[in-house]
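Colleague: Following is a predicted model, sequence given first.
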Amino acid sequence: SQQGEEDPQALSIQEGENATMNCSYKTSINNLQWYRQNSGRGLVHLILIRSNEREKHSGRLRVTLDTSKKSSSLLITASRAADTASYFCATGAYSGAGSYQLTFGKGTKLSVIP
Amino acid sequence: KAGVTQTPRYLIKTRGQQVTLSCSPISGHRSVSWYQQTPGQGLQFLFEYFSETQRNKGNFPGRFSGRQFSNSRSEMNVSTLELGDSALYLCASSLYRSGVTQDEQYFGPGTRLTVT
């Protein structure tokens, strides 16, 4: 079952502009992660933000987390054509027996036009 | 360090057959998880293995099974294949240390399975 829901489903911007993607989820989490996927290939881990953190930066990426609203956003600044990909948020939670599970949303398809 | 590797990368099978996919985690990673990705359902968790034991299982029928070996390599098996099993199957590994949470999962390139 899907936990995270990304918004928008698709986003098209010009190179150099900023791209913002949002993610909402339903249940309590230990952390939230963002991944990138190029053309049906494997997922590349971008950034992880823990439930007690509110904001995190990594290069041109900025992630925020609002646990009271159960939502997160990913901002990519000064986008490049190479940023064209699908972006997924995934909520991470531990179950009994210490098992950790990621639950993914359906993703935002970002197109950056040169 | 070498990344997560999956073999084969592409596979075509016929309905009713069975298939085995292989995953080699990053050296030192002890947890391996499997996911199925389809256009309709997106990325869905199949199961997670740690120290040769399945610790967690997603909502998939019993036709989907897996195992993990003592070197942390993992295999998943799908028996009696159906058309709907056509998907990209992704394996992810993560480092696990007792008392320390290491939540980042590193994904392999996937195995694209087509069932005809």
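Modeller: Sure thing, it's come through. Residues are numbered from 1 along each chain as shown, chains lettered A, B, ... in the order given.
Colleague: what residues does chain B put near chain A?
Modeller: Contacts of chain B with chain A, taken as Cβ under 8 Å from any Cβ of the partner chain, map to B:4, B:31, B:33, B:35, B:42-45, B:48, B:50, B:55-56, B:58-59, B:88, B:90, B:92, B:94, B:101, B:103-110, B:112. C-beta here means a position set from N, CA and C on the backbone, and glycine is covered the same way.
Colleague: Show me which of those are buried.
Modeller: B:4, B:31, B:33, B:35, B:42-45, B:48, B:50, B:55-56, B:58, B:88, B:90, B:92, B:94, B:103, B:105-110, B:112 (16 or more other Cβ atoms under 10 Å in any protein chain shown).
Colleague: right, and the helix or strand after the helix or strand hosting residue A:45?
Modeller: Mapping residue A:45 onto the secondary structure by DSSP states H and E places it in strand A:43-50. Once the chain leaves strand A:43-50, the next helix or strand it forms, by DSSP H and E, is strand A:55-58.
Colleague: Please work out the average pLDDT along that next one.
Modeller: For strand A:55-58, mean pLDDT is 96.
Colleague: how about the top strand by length along chain A: buried residues?
Modeller: Ranked by residue count, the top strand of chain A under DSSP state E comes out as strand A:85-94. Within strand A:85-94, the residues scored as buried using 16+ other Cβ under 10 Å are A:85, A:86, A:87, A:88, A:89, A:90, A:91, A:92, A:93.
Colleague: any idea which of these is closest to chain B?
Modeller: Distance to chain B, by Cβ to the nearest Cβ, is smallest for residue A:92 among these, at 5.3 Å.
Colleague: Where does pLDDT dip in the chain?
Modeller: Unless you meant another one, I'm taking chain A. A:1-4, A:40, A:95-98 (pLDDT under 70).
Colleague: The chain in question should be chain B.
Modeller: B:1, B:96-102.
Colleague: center of it - which residue?
Modeller: By Cα atoms, centre = their mean, chain B has its centre lying nearest to residue B:34, at 2.9 Å.
Colleague: So residue A:15 sits against residue A:84, correct?
Modeller: No - if you go by Cβ atoms under 8 Å, residue A:15 and residue A:84 don't touch, sitting 9.8 Å apart.
Colleague: more neighbours, these two?
Modeller: A side-by-side neighbour count of residue A:15 and residue A:84, using other Cβ atoms under 10 Å in any protein chain shown, places residue A:84 first with 19 against 14.
Colleague: quick one: contacts for the closest residue to that one other than its chain neighbours?
Modeller: Using Cβ to Cβ, 6 or more residues apart in numbering or on different chains and skipping residues adjacent in sequence, the residue nearest residue A:84 is residue A:112, 4.9 Å away. Taking Cβ atoms under 8 Å, 6 or more residues apart in numbering or on different chains as the contact definition, residue A:112 lies against A:13, A:14, A:15, A:19, A:79, A:80, A:81, A:82, A:83, A:84.
Colleague: Thanks a lot, catch you later.
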